[in-house]
Structure formats: structure tokens, C-alpha cells
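Enquirer: What follows is a predicted protein model with its sequence.
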Amino acid sequence: MGEIFLAGALMGASAWDATAALGTMKSGLTVMGTGVGRRAPVCPWLYPLPHLMREREIRLSFSAPHLTNLLPGKAMKRFNTTGPIQDDIHYAIPAFSRWNMDEIEQLIEDRQYFVLHAPRQTGKTSCLLALMEKLNAEGNYTALYVNVEPAQAARHNVEAGMRTIAWRVAKSASVRLSDKRLEGWAEEALSKGGAYGALQDLLSQWSQENDKPIVLLIDEIDTLVGDTLISVLRQLRAGYPDRPQAFPQTVLLCGVRDVRDYRIHTANNEIITGGSAFNIKSDSLRLGNFSREDVATLYNQHTKETGQNFEAGIVDYVFEQTNGQPWLVNALGREACFRADGERDRTRPITMQTMMAARERIIERRDTHLDQLGNQLKEPRVQRVIGEMLADISGEGITLPDDDLQYVEDLGLIRTRPELAIANPIYREIIPRTLTWTAQVQISQEAAWYIKEDGSLEMPKLLSGFQQFFRENSDIWLDGFDYKEAGPQLLMQSFLQRIVNGGGRIEREYGLGRKRTDLLIQWPLDKTQGFYGPVQRVVVELKIKYNSLELTIEEGLAQTADYMDRVGAEEGYLIIFNRKPDTPWEEKIFAREEQSEEPYEKYRIGVWGM
């Protein structure tokens, strides 16, 4: 049993956080307002508490261990979705559990220069900062973390870029190591060595004057552009033979891509590869996603911190939806546990429905991470890969350039093992939504037009509406898509998303070699219960007609029935797009019902031609 005094908004913890923490206790709590002269038990919830805390001091007597998080000076931890981890305020996976520290230490001991790369917002910077702290605490090396991204704006202006980088090194040493010597040395190096020698001279003088070998950790190296990047790589290469007495013993370059894959365009329009400009690299390490155990550990920290449990199956669901992508894992946790539409009552567990709703909200809201993904989809190299995956093609005879595949994988958009696929189900959902957003908002359709009296979607009427819309507008709309090979599928998804946004969800499956796009529409039949109540499940399969119509239907029926059986849908529709320009619309347009064959003969499937 203990006591704390609360004044105002809990000295750094919000009134809501206090109430949420109190709500986790079933007994053993009393509240007394100073000067009020009475005690009142709090069980199980005290909704007026936030208002009271704004007006007067409150004394809490407690026995719940997680209430100690409200003590002065101790902030409540959160899921982190912005910037490096700070252990005192963030749930976190130990940095050194995510890479092989024995390998890192051996590379440093062997005086190697190497690369760490991974997609954005996977924890690279957090790992570098943890490595710096560890090496400095052990006392064998002087380690320094430097972020060179501010020099990106210099682009081909090497003088401006190198001045910025030299000063970033000097200021980082001053702030992180309390070593102010480099500020004077940087100015001297710039004046004597010029832009093409300043970094080498600065690091050389520091290495000679320092009493320990130096380990330099350079972050965001691939944000540098053109001649500035080439100059950095070549100055590091030039100083490499002088290590460790007159140059850093180890330099770690960190970015999204492996330096060997850089294609650096100079101001003279020459292309220089990173491998030739920095041919002293010994190894390339990739920081992977969270494991399923990492997700469980992270979410368990929230339970220990607040007392709030997660329903059975949540960890498996989050891992399946994210494939362990660190930002997504944290974003789902934050959305479900801390945002207004989540479950902030700590006495109530996080349910599967709460987490599924959180997934839908972060997709719809397109937070910074997902918005960046949308920008990447505009790049020609990304379009070449993702476009083939979105289109209904067999994959046979399709050759994707190795450089393009490696680039898109480095961005974190795809995985290549065990097969080529979008990196995770959330990205698989956000990619077509992003590509069709403009179409969605411009299509003049309303969900109410297609809802029956019992609250279900009238799918034949909806598909008939799309059939007419496609006949009248497809030429204009398809010409407007950047991903033209996947145009019919994207337009159909735009139309459906416009309708389903009125209260349902769409799940999608597509990929190179699948020869179709599978859509699962989920529509709650009772709006008061939402997805907690009865749900209409409809499969819509999209195919392009390449062979005869009969063969396309035969193959499509089997695929549609298989998907219906797998997801437990009672309705199924096969949509076939005929893209041959010389085929008249009267031949393209049709609608009929077909019986699927064994082992799915129980399904009758609507077949629609477009």
C-alpha cells in the first residue's frame, strides 16, 4: 500500500493516463481531495477524476504496482512511431538482439569498413546509437554517431555539402562526446584541405590526437546526392590505408540501400557505381524485421506497464499483418492502445476487433510512413516491379531487371523469398488504395444505392452498375492510371472501395504468377454491432482474358470457388476483362451464373464480362 499526491495533470502524466492507470485496479484504492474532508473508494472506475485533478490536489492510496508509473519524474511509456527509441519513454526491443553483435565486434576488431542497410523506420538509427553507447561504455574505442542528411540539400555543390558534413561531425563530437576540439579542426580542415579533402583531413587529425581508436557511424549516407556523395566515399577510401593511427579504425555506413547498389549521377551526367567509389567495404549487413517473439515481447511491455492485456491471437494477427515491420507493429499498438478510437480503458483487454479496426484506421489515415510508401510508388523502377505484380499475368516469360528487384526490396515494398510478393498484408492493401485514391473520390457512386432492406449489399446490382460504368468510362479512366497494365483491376477496386467505405472492408490478394486478383468484401449486416455481429462475405475475383473465354471461365471458376472455401464466403463472382480493342462491347458484356466443379460443386458463381 502506498500514497502519491497528484496536482493538476499529474506532473507530466495526462489526466487521462492517470484515470486509465487507476482503472486497472479492482480494489485497494481510495481518493481524497485535499480539504474536501472525505474519502471515496474507486472501484472499478472513477470517471470524474480527470476533472477533479484539474482543480485540486488528490491523494491516492494504491496497491497496484503499475501505478508507480505515475510517480513524479516517471513518464508512461508508449509505442514509438517517430524517430529513434528512447528507453525511458518507449517500449522497445533490445537493439543488440536484432543483429549479430559478435559479428559486429569482430568487424571492428579487424578494422573493417562495412555497411548496415534496411528500409526506412525499421530501427537503424536506434541500433547505431545503442552501438555507440556500448562501445564508449566498454572503453576500448571512441565511437561517434553522425547523421549527414542535412547535407542532402547541397546536392552537387560539394563545397556546401562537405562544409555541412564536417560541421556535423564536429558538433556530434561536441554533443555526444563532450569533445570540442573538432570544431576548431573542422574550420582548419576546410580552409586548408578544401571541399575535396576536408573530411579526410578532419578525421585524420582526430585519429592522431585521440587516445583510442575511432569507430565512426555515419547514418543516412544514401540521402547524399551526386558529387557530394562521391566526394565522401572517395575521401573515406583515401584515408582507409592510414587506419587506425591516422584514420578511423572502422567506418559503418548506414542507409536504405547497400552502397554497392548506388547509381550516382554526377553533375556531368556520368554514372558512377557505389561499389567503385567505395571498394573498401568488407561486408553488408541487413537489419531485419521483428520476429514473432519480438512482437510478443513488445506488446507484453505494455501489459506490464499498464496492466492491460491483449486477447489471445492478437500477437499472431499483428505479426501476420505486418510481417514484423517495426513501424507497423508499433503503429498498430499505438492505435489500439492510446488513440481516441482505441481501447484506453486499461481494465478492458485489447480485442481482435479493436486491433482489426486499428489496422483499418492507419490504412485510411495514411500516416507518414504509409504516405512515403505512396511517393515511392511513383518511381519508374518501382512501377516496373509493382505494375507486373498488380497485373493479371502468369509470370512466365516475364523478366524483371535484377537492379529493379533489389531496389524495391531494399525499400521494403516486396520480399523475394520464398516467392516474389508484397512485403506484408498491410502494404498489399495500401498499394492499390493509394494508386486508386484519386479515382475513388471522383467516382460518383453511393453505398446507399446498393444496400437491400436487410442491410446487405446487393452485389448483382452493384456489379451491373460497374459494368455500365466501365463501358462508358474505361477508356478515359484507364489512360489516367500510371500502372496501365493493371488498369482494369485498379478501376474495379476504386469502384468497390468507394461503395465499401460506407461501412465495410476489402481484403486483397495479388502477385506475379497468380493470374488473378482476389478480393474479399466484408460487410456488417447489423450496424449497431459492426464486425462483432453477422457479416456478409463476398468473393470477387478479377481476371484478364488472354486465352479463349471458355478456358478463362473454367480456370476462374476453380480459383474463385477455392478462395470462397478458404475464407468462408457464401457469395462469389468472377469478373473477366477483355482488353482487345477490336472486340465489340456487345461481345465483351455479359452476365450469367455457373456451377463450380468438384470438390466445390456446392458453389454457384456469378460470371460477369467487361
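Expert: Nice, thanks for sending it over.

Enquirer: When you work out contacts or count neighbours from here on, use the C-alpha atoms and nothing else.
Expert: Noted.

Enquirer: for this structure, which spans come out with low pLDDT?
Expert: 1-74, 263-269, 271, 273-276, 392-398 (pLDDT under 70).

Enquirer: Quick check: longest helix in it by residues?
Expert: helix 459-480 (DSSP state H).

Enquirer: can you give me the strands for the stretch 251-400 of the chain?
Expert: 263-265, 271-273, 281-286 (DSSP state E, counting those that start in this stretch).

Enquirer: who does the last one pair up with?
Expert: In this case it means strand 281-286. Using DSSP bridges, strand 281-286 pairs in its sheet with strand 113-117 (parallel).

Enquirer: Other residues contacting whichever strand in the chain runs longest?
Expert: Looking across the chain with DSSP state E, the single longest strand is strand 535-544. Contact with strand 535-544 is made by 392, 456-457, 489, 515-526, 552, 556, 560, 563-564, 568-579, as judged by CA atoms under 8 Å, 6 or more residues apart in numbering.

Enquirer: Now, of the residues you listed, which are buried?
Expert: 392, 456-457, 489, 515-525, 556, 560, 563-564, 569-578 (16 or more other CA atoms under 10 Å).

Enquirer: residues of the longest helix of the chain that come out buried?
Expert: Buried-residue list, helix 459-480, by 16+ other CA under 10 Å: 459, 462-463, 466-467, 470, 474, 477-478.

Enquirer: do the same with stretch 586-602
Expert: 588-589, 591, 594, 596, 600.

Enquirer: Please list the outside residues in contact with that stretch.
Expert: Here stretch 586-602 has contacts from 467, 557-558, 561-562, 565, 577-578, 603-610, using CA under 8 Å, 6+ apart.

Enquirer: Recalculate using a threshold of 10 Å.
Expert: 460, 463-464, 467-468, 471, 549, 553-554, 556-562, 564-565, 570, 573-580, 603-610 (CA atoms under 10 Å, 6 or more residues apart in numbering).

Enquirer: helix or strand right after the longest helix of the chain?
Expert: helix 487-500 (DSSP states H and E).

Enquirer: Centre of the chain to that next one, how far?
Expert: In this view, helix 487-500 has its centroid 24 Å away from the chain centroid, taken as CA atoms, centre = their mean, to the nearest Å.

Enquirer: about what we covered before: which strands border the longest strand of the chain, and is each parallel or antiparallel?
Expert: Assessed with DSSP bridges, strand 535-544 is paired to strand 517-524 (antiparallel), strand 571-577 (parallel).

Enquirer: burial count for the residue lying closest to residue 400 once chain neighbours are set aside?
Expert: Computed as CA to CA, 6 or more residues apart in numbering, the closest residue to residue 400 that is not its neighbour in sequence is residue 385, at 6.8 Å. When neighbours are defined as other CA atoms under 10 Å, residue 385 has 21 of them.

Enquirer: all strands for the stretch 51-200 of the chain, in order.
Expert: Going by DSSP E, counting those that start in this stretch, the stretch 51-200 of the chain shows strands at 58-62, 113-117, 142-147.

Enquirer: Next, the angle helix 459-480 makes with the longest strand of the chain.
Expert: Interaxial angle of strand 535-544 relative to helix 459-480 (axes from the mean of the first three to the mean of the last three CA atoms, to 10 degrees): 40 degrees.

Enquirer: So which bits of the helix or strand following strand 535-544 are buried?
Expert: For strand 535-544, the succeeding helix or strand toward the C-terminus, using DSSP H and E, is helix 549-567. By neighbour count on 16+ other CA under 10 Å, the buried set for helix 549-567 is 553, 556-564.

Enquirer: Would you format those residues as CSV with distance to residue 132 included?
Expert: Output for the buried residues of helix 549-567, formatted as CSV (distance: CA to CA, whole Å):
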residue, distance to residue 132
553, 61
556, 56
557, 58
558, 57
559, 53
560, 54
561, 56
562, 53
563, 50
564, 53
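
Enquirer: for those residues, which one is nearest residue 171?
Expert: residue 563 (58.3 Å; CA to CA).

Enquirer: Does the residue nearest to residue 400 touch residue 378 like I think?
Expert: No: using CA atoms under 10 Å as the test, residue 385 is too far from residue 378 to be in contact (11.6 Å).

Enquirer: Overlap in contacts, the two.
Expert: With CA under 10 Å, 6+ apart, residue 385 and residue 378 have no common neighbours.

Enquirer: Residue 246 against residue 207, yeah?
Expert: Yes: contact criterion CA under 10 Å: residue 246 and residue 207 qualify, at 5.0 Å.

Enquirer: hmm, back to that, so which of the buried residues of stretch 586-602 are in helices?
Expert: Within these, residues falling in helices by DSSP H are residue 588.

Enquirer: And the buried residues of stretch 586-602, which is closest to residue 499?
Expert: Once CA to CA is applied, the member of the buried residues of stretch 586-602 that ends up nearest residue 499 is residue 591, at 20.7 Å.

Enquirer: how close does that closest one sit to residue 411?
Expert: As for residue 591, its distance to residue 411 is 42 Å (criterion: CA to CA, to the nearest Å).

Enquirer: And for the nearest residue to residue 309 once chain neighbours are set aside, the neighbour number?
Expert: Distances taken as CA to CA, 6+ apart place residue 349 nearest to residue 309, at 4.8 Å, with adjacent residues excluded. Residues lying near residue 349 (other CA under 10 Å) number 18.

Enquirer: So residue 349 versus residue 362, what's the distance?
Expert: Distance from residue 349 to residue 362, by CA to CA: 20 Å.

Enquirer: likewise residue 581?
Expert: Separation of residue 581 from residue 362 (CA to CA) stands at 40 Å.

Enquirer: still on that earlier bit, keeping just the C-alphas, turn the longest helix of the chain into PDB.
Expert: Taking C-alpha atoms only, helix 459-480 is exported to PDB below (Å, rounded to 0.1, in the frame of the first residue of the first chain):
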ATOM      1  CA  MET A 459     -23.900  -7.500 -55.400                       C
ATOM      2  CA  PRO A 460     -25.600  -8.200 -58.800                       C
ATOM      3  CA  LYS A 461     -26.900  -4.600 -58.800                       C
ATOM      4  CA  LEU A 462     -23.500  -3.300 -57.800                       C
ATOM      5  CA  LEU A 463     -21.700  -5.300 -60.500                       C
ATOM      6  CA  SER A 464     -24.200  -4.300 -63.100                       C
ATOM      7  CA  GLY A 465     -23.600  -0.700 -62.100                       C
ATOM      8  CA  PHE A 466     -19.900  -1.100 -62.500                       C
ATOM      9  CA  GLN A 467     -20.300  -3.000 -65.800                       C
ATOM     10  CA  GLN A 468     -22.100   0.100 -67.300                       C
ATOM     11  CA  PHE A 469     -19.700   2.500 -65.700                       C
ATOM     12  CA  PHE A 470     -16.700   0.500 -67.200                       C
ATOM     13  CA  ARG A 471     -18.300   0.500 -70.600                       C
ATOM     14  CA  GLU A 472     -18.900   4.300 -70.600                       C
ATOM     15  CA  ASN A 473     -15.700   5.500 -68.800                       C
ATOM     16  CA  SER A 474     -12.900   2.900 -69.100                       C
ATOM     17  CA  ASP A 475     -11.000   4.500 -71.900                       C
ATOM     18  CA  ILE A 476     -10.700   7.800 -70.000                       C
ATOM     19  CA  TRP A 477     -10.000   6.200 -66.600                       C
ATOM     20  CA  LEU A 478      -7.500   3.600 -67.700                       C
ATOM     21  CA  ASP A 479      -5.500   6.100 -69.600                       C
ATOM     22  CA  GLY A 480      -5.100   8.100 -66.400                       C
END
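
Enquirer: Next one: the residue nearest to residue 510 when sequence neighbours are not counted from residue 474, what distance?
Expert: Closest residue to residue 510 apart from its sequence neighbours, by CA to CA, 6+ apart: residue 517 at 4.9 Å. Per CA to CA, residue 517 is found 18 Å from residue 474.

Enquirer: likewise residue 135?
Expert: For residue 135 relative to residue 474 (CA to CA), the value is 61 Å.

Enquirer: what do you get for residue 284?
Expert: 47 Å.

Enquirer: Residue 334 now?
Expert: For residue 334, the distance to residue 474 equals 41 Å [CA to CA].

Enquirer: cool, residue 597 as well?
Expert: Residue 597 is 33 Å from residue 474, by CA to CA.
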